Structure formats: structure tokens, C-alpha cells
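>>> After the sequence you'll find the predicted model.
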Amino acid sequence: KAGVTQTPRYLIKTRGQQVTLSCSPISGHRSVSWYQQTPGQGLQFLFEYFSETQRNKGNFPGRFSGRQFSNSRSEMNVSTLELGDSALYLCASTLAGDTQYFGPGTRLTVL
Amino acid sequence: GQNIDQPTEMTATEGAIVQINCTYQTSGFNGLFWYQQHAGEAPTFLSYNVLDGLEEKGRFSSFLSRSKGYSYLLLKELQMKDSASYLCAVRDMGPGGNKLVFGAGTILRVKS
């Protein structure tokens, strides 16, 4: 069974731009969670989607948004990028609220 | 709120045993996970505890005491490839639903 996939793997943007990251969960997994990982803050929860509905949200500004499609694939969007948004963005999928399996991440650099 | 504490760094010798501790405070505890993360890679699942006691999986074991808000990860017969960051994460089933809250991670260095 294929694991969680994320695209793109690396991304370079400039301040003020917006970015969309994609995540395809493990086949059969309906829950997708997004995390931001930085050296200073560690892994921080962004949001979780289940059956196309956001059912949990972390403490991030409204510039961070997401959605989930009927095939469980998920996207997250960051608008008006800031230098501090440079991070590894990780997506994790889970079957029914149990163990989360992480994708390889998207490394975003904001210049 | 939630608070998860684990040591920042540890160093151990190849072939030895090391114990990484994690203490937590959370309102809606529903399980504790340990993940391993090598530099530049995604976290990979190691173990899960929801009931008190010890879970053993090969060279790795994890222990949980819910009354004390305490867990540890035990790594035996250390190998150089075990050098990585070890993340303790608590599943919080609060009003917002399912959420994993991570500690800052413990960087383990295995020396020969």
C-alpha cells in the first residue's frame, strides 16, 4: 500500500505570494492533518479534515487555510506569505482517529 | 492547555540502553505516541500507548503512567542509525476533535 504523498517536495516563494500544497493520504484513510515544523517551534498542528470537513483547527492566522476533496486528497493554502512561514509542512493521514502516518513533507522557503 | 516536556538532547554509546522521558499535561488525553524523525525526513511511527504499562516492539519499548502524566521510550542495543530526534505526542480528544500535540523532541546522538 502506498504511503502518504506530498507535492511539491520543495518550494521557494517570495513575501506576499501565496502557495498551495497538496497531500494524498494512504488509500482508505479519510482523515488528513496538517502540521508546520520549524526549528524553533517544533511540530505544530494546523488543521484536520475528515470527509471533506474541517473538524479541528490549531492556532494559526486565517492566512492558513485548507480543504479536502471527495477522494480524501487535501490541499493547504497560505496567502500573503511571510518570512516566518518558511518551514517543513507535513501532512499525516489516519484511518479512523488512530495512528497518524506522515508524508515526506514540503519544504517551503520564503525569501 | 497542553504541555509536553522531554529532554532536548541525549548522548549514548552504541550497544547501550537509553531511556527518553516525556511528561505531559493535557485535558483530553486519549493516547500517547512516539515518533522517530531523522534529519530532513518525516516522522515515522514507533509506538502507541493508551493504557498504563509497557509496550514492547523489538528493540524499542514504551511505557505509560496516566496517573503520573509520564511516559518513556526505551531503546536497547543502540545502533548508529538510531541517531535521530524522538518525538513524544499526546492525542487530545478535546471539543475540537482529534489533535496530536507534540513535544519539542529529544535529539539522540549515538556514538561509537
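Received, thanks.

>>> Run me through the strand neighbours of the one helix or strand in chain B whose mean pLDDT sits lowest, direction for each.
Within chain B, no helix or strand scores below strand B:97-102, which has a mean of 82 by mean pLDDT, DSSP states H and E. Applying DSSP bridges, strand B:97-102 is found paired with strand B:84-94 (antiparallel).

>>> And the pLDDT for the residue nearest the centre of chain A?
Centrality entry for chain A: nearest residue to the mean C-alpha point is A:Trp34, 3.6 Å, by C-alpha atoms, centre = their mean. Note on A:Trp34: pLDDT of 97.

>>> Figure out the helix or strand that it lives in.
strand A:31-38 (DSSP states H and E).

>>> list the buried ones in that strand?
Buried residues in strand A:31-38, counting neighbours by 16 or more other C-beta atoms under 10 Å in any protein chain shown, are found at A:Ser31, A:Val32, A:Ser33, A:Trp34, A:Tyr35, A:Gln36, A:Gln37. (Glycine included, C-beta is placed from N, CA and C.)

>>> Output the below-cut-off pLDDT ranges for the chain.
Using chain A here. A:1, A:97 (pLDDT under 70).

>>> oops, I was thinking of chain B
B:1, B:96-97.

>>> In this structure A:Arg9 contacts A:Leu108, no?
No: with contact defined as C-beta atoms under 8 Å, A:Arg9 does not reach A:Leu108; the gap is 10.4 Å.

>>> Of these two, which one has the most company?
A:Leu108 (20 against 11; other C-beta atoms under 10 Å in any protein chain shown).

>>> So the residue nearest to that one when sequence neighbours are not counted: helix, strand or coil?
Closest residue to A:Leu108 apart from its sequence neighbours, by C-beta to C-beta, 6 or more residues apart in numbering or on different chains: A:Leu11 at 5.0 Å. Of the three states, A:Leu11 takes strand under DSSP: H, G, I helix; E, B strand; the rest coil.
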